[in-house]
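Novice: based on what follows, work out the 3D shape:
(one chain, ligands or ions: 2)
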Amino acid sequence: QDEVLKQSALHPKPAGLCLQYGTAGFRTNAKQLDHIMFRMGMLATLRSKKTQATIGVMVTASHNPEEDNGVKLVDPMGEMLTPAWEDYATQLANAEQDDLARAVKEVIQKEAIDMSREANVFVGKDTRSSSPALSQAVIDGVSALGGHNYGLVTTPQLHYMVWCQNTKGKYGEATVEGYYRKHCQAYVQLTKNASNRTDDQKHLCVDGANGIGALKVREMEHHLQKGLQISLFNDGSKGKLNHQCGADFVKVQQKPPADIEINPGERCCSFDGDADRIVYYYTDSDGRFHLLDGDKIATLISTFLKELLTQAGLDLNIAVVQTAYANGSSTLYLENTMKVIVKCTKTGVKHLHHEAQKFDIGVYFEANGHGTVLFSQAAVEKIQQLAEDANSDDTKKRAALLLQSTVNVINQTVGDAISDMLLIEAILAVRGMTVQQWDAMYTDLPNRQLKVKVSDRRVIDTTDAERRAVSPAGLQDAIDSLVKKYRQARSFVRPSGTEDVVRVYAEAETQESADALAHEVSLAVY
Ligand code: 16G
Ligand code: ZN
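Specialist: Ligands and ions are numbered 1, 2, ... in the order given. Down below sits the predicted model:
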């Protein structure tokens with residue numbers, strides 16, 4: 001306990017500063033985070049002692065501006081920190097300097113942690129200028145033995161390595177090299193089935209958001225054995241992180257990153273600042289921009305998987321998990337044309353992940369491009385049996401082998417821009433599909449997102465996976481009557497989990513209607 005006091009004095013908390021562990025962990029201007037990092041290093045150590053497993057700490061603020069930073073903890077199976085411990089995180093973060101030792105002791109007592117146990121913590125960071133000092137503060141907080149500092153990694157790489165470590169290498173080696181080997185090998189296996197692909201078809205423009213994803217794509221490239229020809233933009237050599245580039249910029253602005261020349265029809269994708277999100281796009285010959293967001297990605301992937309399951313004759317259920325932000329057209333297409341189960345959850349990866357775990361195969365994506373595919377243990381075993389079954393016919397066997405490689409190309413711990421990119425590229429290759437054909441699966445309803453500053457966003461309370469407001473009284477009725485004015489319209493409001501604003505979403509038959517509806521609904525929020 002004396003040690004806590006002495007060490008923490010080197011990472012003092014500004015008195016009165018109060019922050020909360022939210023959907024994105026802690027995230028704010030980097031100048032306010034030194035004490036938070038130290039304390040999260042301590043908390044990760046406690047969590048590791050408690051679970052007797054390796055815990056991850058990732059220093060990143062994802063798609064936020066370069067001046068910001070943040071921190072998130074990764075639980076033993078590579079998933080997000082469990083909710084009860086989010087509360088401990090907030091308590092430790094906000095304890096004033098002279099109260100910190102007591103706050104730490106309280107966690108130890110409540111969780112009955114045996115402090116004599118060993119701890120192991122993996123620390124990773126993105127490319128922000130504040131990240132080296134802040135990750136050092138985390139390491140200072142990991143006072144225990146055996147912490148491992150990975151240095152520069154993407155968020156999903158850190159999740160992956162925590163998972164590999166805790167499953168004793170069953171799924172792969174807990175190193176960045178191991179990550180590349182496994183995912184690239186699976187990619188090469190998958191695309192073997194796509195004979196005579198032209199160089200044009202293998203070509204992809206990647207916008208690295210001037211962040212960690214760009215570095216890691218460069219590192220990975222040679223593992224792909226020329227199976228993918230990447231032109232990397234925004235590789236961090238000159239531009240600023242997330243500035244007029246990256247997945248969030250492209251999705252929200254509905255236009256390509258500034259400063260990149262893209263030829264009509266060329267397939268492009270953008271990562272966000274820590275490479276856990278990806279969106280695709282192209283411009284057509286009329287110069288019109290086409291976005292293929294998380295919903296289109298989920299559709300492509302689930303269609304592919306469903307087709308393979310049918311060919312393999314495997315009776316496994318498959319569901320797509322979305323949030324209220326999913327474009328209405330995507331939901332209709334998935335339910336009515338594709339006939340897959342569709343579920344809707346609250347915003348935030350942990351909610352989608354949790355729902356997806358309930359199915360043999362759960363494909364989850366947020367419209368913003370964060371998502372992955374989860375395969376149950378039973379599903380993986382059935383696929384493997386079939387792949388190894390000497391008596392199964394060629395079609396079945398081929399489908400099973402493709403499914404097996406799909407399992408291996410995917411990072412199941414969390415959404416991963418790099419692994420999603422490999423899967424998407426492989427699917428397009430195997431199906432001989434162009435980005436235009438993919439785009440044409442369904443047409444997005446025009447939509448608009450707005451944010452509204454209010455004095456207290458917590459007065460808005462929602463239900464039905466954030467699709468309906470229950471308070472303040474009258475708000476939902478007002479939204480309902482506004483929505484009725486437009487064709488194919490839908491709108492909802494929710495308090496942001498990462499910013500002090502209320503978010504408004506509207507979609508309708510035309511862009512004019514969607515814009516008007518979003519505007520009218522934002523007036524109703526005041
Ligand atoms: C966080 C979430 C993301 C969600 C976003 C919503 C994780 C890892 N990230 O970035 O999934 O879409 O918050 O932000 O859960 P908002 O609440 O401000 O709209
Ligand atoms: Zn991110």
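Novice: need the residues of the protein near ligand 1, please.
Specialist: Counting by C-beta under 6 Å from any ligand atom, the residues of the chain close to ligand 1 are 23-24, 347-349, 366, 368, 370, 496-499, 503. For every residue, glycine as well, the C-beta is placed using N, CA and C.
Novice: list the contacts for residue 517?
Specialist: Contact analysis of residue 517 by C-beta atoms under 8 Å, 6 or more residues apart in numbering lists 448, 482, 483, 485, 486, 489, 491, 506, 508.
Novice: and it, what helix or strand is that in?
Specialist: Using DSSP states H and E, residue 517 sits in helix 511-525.
Novice: how about that helix: buried residues?
Specialist: By neighbour count on 16 or more other C-beta atoms under 10 Å, the buried set for helix 511-525 is 513, 514, 515, 516, 517, 518, 520, 521, 522, 524, 525.
Novice: quick one: those as CSV, columns for distance to residue 360 and pLDDT too.
Specialist: Shown next, in CSV, are the buried residues of helix 511-525 (distance: C-beta to C-beta, whole Å; pLDDT from 0 to 100):
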residue, distance to residue 360, pLDDT
513, 39, 98
514, 36, 97
515, 41, 97
516, 43, 98
517, 38, 98
518, 38, 97
520, 43, 98
521, 38, 97
522, 41, 96
524, 42, 94
525, 40, 91
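Novice: tell me the one of those nearest ligand 2?
Specialist: When the buried residues of helix 511-525 are compared for distance to ligand 2 (C-beta to the ion), residue 518 wins out at 24.7 Å.
Novice: how near is residue 54 to residue 432?
Specialist: Using C-beta to C-beta, to the nearest Å, residue 54 is found at 42 Å from residue 432.
Novice: which one of the two has more residues nearby?
Specialist: Set residue 54 next to residue 432 and count neighbours by other C-beta atoms under 10 Å: residue 54 wins out with 26 against 12.
Novice: wait, that one touches residue 164, no?
Specialist: No. Contact criterion C-beta atoms under 8 Å: residue 54 and residue 164 do not qualify, at 9.3 Å.
Novice: what ranges do the helices span in the stretch 51-200 of the chain?
Specialist: Secondary structure of the stretch 51-200 of the chain (DSSP state H, counting those that start in this stretch): helices at 83-94, 100-110, 131-141, 155-166, 176-192, 199-202.
Novice: make JSON lines from those helices and add mean pLDDT and mean neighbour count to it.
Specialist: Listed next are the helices of the stretch 51-200 of the chain as JSON lines, based on pLDDT from 0 to 100; neighbours: other C-beta atoms under 10 Å:
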{"stretch": "helix 83-94", "mean pLDDT": "96", "mean neighbour count": "18"}
{"stretch": "helix 100-110", "mean pLDDT": "94", "mean neighbour count": "15"}
{"stretch": "helix 131-141", "mean pLDDT": "94", "mean neighbour count": "21"}
{"stretch": "helix 155-166", "mean pLDDT": "96", "mean neighbour count": "27"}
{"stretch": "helix 176-192", "mean pLDDT": "97", "mean neighbour count": "20"}
{"stretch": "helix 199-202", "mean pLDDT": "89", "mean neighbour count": "13"}
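Novice: which among those is found nearest to residue 358?
Specialist: helix 83-94 (17.9 Å; C-beta to C-beta).
Novice: and the residue of the stretch 101-250 of the chain that's closest to ligand 2?
Specialist: Counting by C-beta to the ion, the stretch 101-250 of the chain gets nearest to ligand 2 through residue 155 (6.0 Å).
Novice: what's the separation between that residue and residue 261?
Specialist: Distance, residue 155 to residue 261, by C-beta to C-beta: 29 Å.
Novice: with residue 288 instead?
Specialist: Per C-beta to C-beta, residue 288 is found 17 Å from residue 261.
Novice: using PDB, write down the CA coordinates of stretch 301-311.
Specialist: Extracted in PDB, the C-alpha atoms of stretch 301-311 (Å, rounded to 0.1, in the frame of the first residue of the first chain):
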ATOM      1  CA  ILE A 301     -20.100 -11.900 -45.400                       C
ATOM      2  CA  SER A 302     -23.400 -13.500 -44.300                       C
ATOM      3  CA  THR A 303     -24.400 -14.200 -47.800                       C
ATOM      4  CA  PHE A 304     -21.100 -15.900 -48.500                       C
ATOM      5  CA  LEU A 305     -21.300 -18.000 -45.300                       C
ATOM      6  CA  LYS A 306     -24.900 -19.000 -45.900                       C
ATOM      7  CA  GLU A 307     -24.100 -20.200 -49.400                       C
ATOM      8  CA  LEU A 308     -21.200 -22.300 -48.100                       C
ATOM      9  CA  LEU A 309     -23.400 -23.800 -45.300                       C
ATOM     10  CA  THR A 310     -25.900 -24.800 -47.900                       C
ATOM     11  CA  GLN A 311     -23.200 -26.300 -50.200                       C
END
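Novice: rewinding a little: tell me the buried residues within the residues of the chain next to ligand 1.
Specialist: Buried members of these, counted by 16+ other C-beta under 10 Å: 23, 24, 347, 348, 349, 366, 368, 370, 498, 503.
Novice: could I get the residues you listed in a markdown table, plus columns for pLDDT?
Specialist: Below are these laid out as a markdown table (pLDDT from 0 to 100):
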| residue | pLDDT |
| --- | --- |
| 23 | 87 |
| 24 | 89 |
| 347 | 96 |
| 348 | 94 |
| 349 | 93 |
| 366 | 98 |
| 368 | 96 |
| 370 | 98 |
| 498 | 86 |
| 503 | 96 |
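Novice: between these, which sits nearest ligand 2?
Specialist: Once C-beta to the ion is applied, the member of those that ends up nearest ligand 2 is residue 370, at 6.9 Å.
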